[in-house]
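Visitor: Using only what follows, build the 3D model:
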Amino acid sequence: MTGLPEDSAFRGLGLTEPLLDAIADRGYSEPTAIQVDAIPKALDGADIFGCAQTGTGKTAAFVLPMLQRLAGTPEHHGTIRGLILTPTRELADQVERAVAHYGARLSLESLVVYGGVPIAAQIKDLKFGCDVLVATPGRLLDHLERRTLNLESIEVLVLDEADRMLDMGFIDDVRKIVRQTQADRQTLLFSATMPDAILGLAQEMMRDPVSVQVGFQAAASGITQVLHPVDYASKQALVYYLLDSWGTGPAIVFTRMKSTAAYVCEFLKKKGVSVDDLHGDKGQADRTRSLTKFREGKTRVLVATNVAARGLDIVGITHVVNFDVPDDPKDYVHRVGRTARGDQTGDAVTLMSPHEVMMVREIEKLTDTPIPRAVVEGFEPSFSPDLGKRAEIPADVTPRSRLARGRRRR
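Guide: Okay, the predicted model is just below:
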């Protein structure tokens, strides 16, 4: 008997008791929509083409059936039979942690390899073998060229955040990797959006895939969105004002450029905010350290570029702030998805200066949802061509203050 409720829908998905125990240990009681649709099909051996917005539980949707399949052949323990490709180092680390947790009771070993760190330690670890390998494409190709691993025994291949791998130019690397796996493997491809290139990749790499789609190109339902028109020169002061009014809950502030992230971080530090930054100019060790401190609650605010916009799963983030409106409207969906994970709720706040109006309209066109506007008293913009042209913010979705949040919790 596990810690799951007897009537939990997880029990009807076909998962074994060790996996149900691991699910309960993580505090989950009910599966998400993508998990309900994808897990039974994956357990049946089908190739899965999954499209779901960020924060909907995609990782468990592919990790759980993969582990159950690999656990069925313990005689092959220590041979790489599961491969998960991710676009970023941070996502690779996060996915490997999920694999390690869910696979702990099944005696399945996992490893993660990515660039930005010395390869020698990875080569040493690989000599001991593993069942599931989580990797970024570039570093995996390095290992394949050095012959420090092979993919001849891959039974399950997962392409996670496939659209992001496309955006980052990894698709040719992915094709090279896939060609080194066996043709009769099971392939699970998950993507937050479905550009034509990803549809073509699916046709190329998969056999009669089953399509699973949840909440295509929209922010999760638990997110309260609001947009504050403001002059660009006042954005830093407004960010500090908002963070102070929200109390102590963890928040991520997204910027477009690495230099802006560092500048905003330094500004908030001088104001006494517990803050760190995360961007591509930091070495991998520093990036990992910043993320760990934020995850463990030692830092309240993380100022980040889009390196943190995909797949980052940290429980309890109450606010996401778009300091800069993202150039790509799809990035908006991924950014705001860092809050309201699973069945939680959270606020997504976007600061819009006059020159960013058109980018906001592209976001609204993509999501087919107007973002409510609200001018913050004392931070009125000198000029805003967009005010009055979109729906005004309803009274019941005003970003919650410290006092209001306390009332809601009680």
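
Visitor: Hmm, residue 28 is touching residue 5, no?
Guide: No. Assessed by C-beta atoms under 8 Å, residue 28 is found out of contact with residue 5, at 10.8 Å. Where C-beta positions appear, they are placed from N, C-alpha and C, glycine not excepted.

Visitor: When these two are compared, which one has more neighbours?
Guide: A direct count of neighbours by other C-beta atoms under 10 Å for residue 28 and residue 5 places residue 28 higher, at 18 against 12.

Visitor: Phi, psi for the more buried one please.
Guide: phi -90, psi 140 (degrees, to the nearest 10).

Visitor: Start at 164, not 1
Guide: Sure thing, new numbering starts at 164, so read that last one as residue 191.

Visitor: centre of the chain versus the one helix or strand residue 256 maps to, how much separation?
Guide: Following DSSP states H and E, one finds residue 256 within helix 252-266. Chain-centre distance of helix 252-266: 12 Å, with C-alpha atoms, centre = their mean, to the nearest Å.

Visitor: For that helix, buried residues please.
Guide: In terms of neighbour count (16 or more other C-beta atoms under 10 Å), helix 252-266 has its buried residues at 252-259, 261-263, 265-266.

Visitor: ok, so of the residues you listed, who is nearest residue 434?
Guide: Lowest distance from residue 434 to those (C-beta to C-beta) belongs to residue 253, with 26.6 Å.

Visitor: Let's verify the nearest residue to residue 256 once chain neighbours are set aside: helix, strand, or coil?
Guide: Nearest residue to residue 256 in three dimensions, chain neighbours excluded: residue 275, at 6.1 Å (C-beta to C-beta, 6 or more residues apart in numbering). Secondary structure, DSSP: H, G, I helix; E, B strand; the rest coil: residue 275 is strand.

Visitor: residues in contact with residue 275?
Guide: By C-beta atoms under 8 Å, 6 or more residues apart in numbering, the residues touching residue 275 are 255, 256, 258, 259, 296, 297, 298.

Visitor: where does the last one fall, phi/psi-wise?
Guide: Recorded main-chain torsions at residue 298 are phi -150, psi 150, according to degrees, to the nearest 10.

Visitor: Columns distance to residue 340 and pLDDT on top of the buried residues of helix 252-266, output as TSV?
Guide: Shown next, in TSV, are those (distance: C-beta to C-beta, whole Å; pLDDT from 0 to 100):
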residue	distance to residue 340	pLDDT
252	17	90
253	20	88
254	17	90
255	14	94
256	19	93
257	20	91
258	16	95
259	17	96
261	21	95
262	18	97
263	22	96
265	24	96
266	22	93
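
Visitor: Let me know the closest of those residues to residue 363.
Guide: residue 254 (23.0 Å).

Visitor: I figured that closest one was touching residue 324, is that so?
Guide: Yes. At 6.5 Å, residue 254 counts as touching residue 324 under the criterion of C-beta under 8 Å.

Visitor: any low-confidence regions in the stretch 364-513 of the chain?
Guide: The stretch 364-513 of the chain contains residues with pLDDT under 70 at 378-384, 472-476, 504-506.

Visitor: mind giving me the domain ranges of the chain?
Guide: 172-377, 386-572 (automatic domain parsing).

Visitor: just to revisit the earlier point, just the CA atoms of the helix holding residue 256, as CSV, please.
Guide: In CSV, the C-alpha atoms belonging to helix 252-266 read as follows (Å, rounded to 0.1, in the frame of the first residue of the first chain):
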residue,chain,number,x,y,z
ARG,A,252,22.2,22.1,-18.8
GLU,A,253,19.8,23.3,-16.1
LEU,A,254,17.0,21.2,-17.6
ALA,A,255,19.2,18.2,-17.9
ASP,A,256,20.1,18.4,-14.2
GLN,A,257,16.5,18.7,-13.3
VAL,A,258,15.3,15.8,-15.4
GLU,A,259,18.1,13.6,-14.0
ARG,A,260,17.0,14.4,-10.5
ALA,A,261,13.5,13.3,-11.4
VAL,A,262,14.8,10.0,-12.9
ALA,A,263,16.9,9.3,-9.8
HIS,A,264,14.0,9.9,-7.5
TYR,A,265,11.4,7.8,-9.4
GLY,A,266,13.9,5.1,-10.1
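
Visitor: So which residues of this protein form strands?
Guide: Counting by DSSP state E, the chain has strands at residues 211-215, 245-248, 273-276, 295-298, 319-322, 349-354, 373-377, 386-392, 414-417, 438-441, 464-467, 482-485, 509-515.

Visitor: can you put those strands in TSV and add distance to residue 544?
Guide: TSV is the format used below for these (distance: least, C-beta to C-beta, whole Å):
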stretch	distance to residue 544
strand 211-215	36
strand 245-248	43
strand 273-276	45
strand 295-298	45
strand 319-322	43
strand 349-354	36
strand 373-377	37
strand 386-392	5
strand 414-417	19
strand 438-441	25
strand 464-467	22
strand 482-485	16
strand 509-515	9
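
Visitor: wait, which of the ones you listed is closest to residue 339?
Guide: Nearest to residue 339, of those and by C-beta to C-beta, is strand 245-248 at 11.4 Å.

Visitor: Tell me the spacing between residue 194 and residue 215.
Guide: 13 Å (C-beta to C-beta, to the nearest Å).

Visitor: ugh, wrong one, residue 285
Guide: Distance from residue 285 to residue 215, by C-beta to C-beta: 31 Å.

Visitor: more crowded one of those two?
Guide: residue 215 (24 against 20).

Visitor: if I pick that one, what's in contact with it?
Guide: 196, 197, 221, 224, 353, 355, 375, 376, 377, 378, 379 are the contacts of residue 215 under C-beta under 8 Å, 6+ apart.

Visitor: Could you work out the most separated pair of those residues?
Guide: Farthest pair in the contacts of residue 215 (C-beta to C-beta) is 224 and 379. Separation: 15.4 Å.

Visitor: Please identify which of those two sits among more neighbours.
Guide: Relative neighbour count places residue 224 above the other of residue 224 and residue 379, with 28 against 12, counting by other C-beta under 10 Å.

Visitor: which residues does the closest residue in space to that one that isn't next to it in sequence contact?
Guide: With C-beta to C-beta, 6+ apart as the criterion, residue 224 has its nearest non-adjacent residue at 4.3 Å, and that residue is residue 201. Shown in contact with residue 201 (C-beta under 8 Å, 6+ apart): 211, 213, 224, 225, 228, 351, 375.
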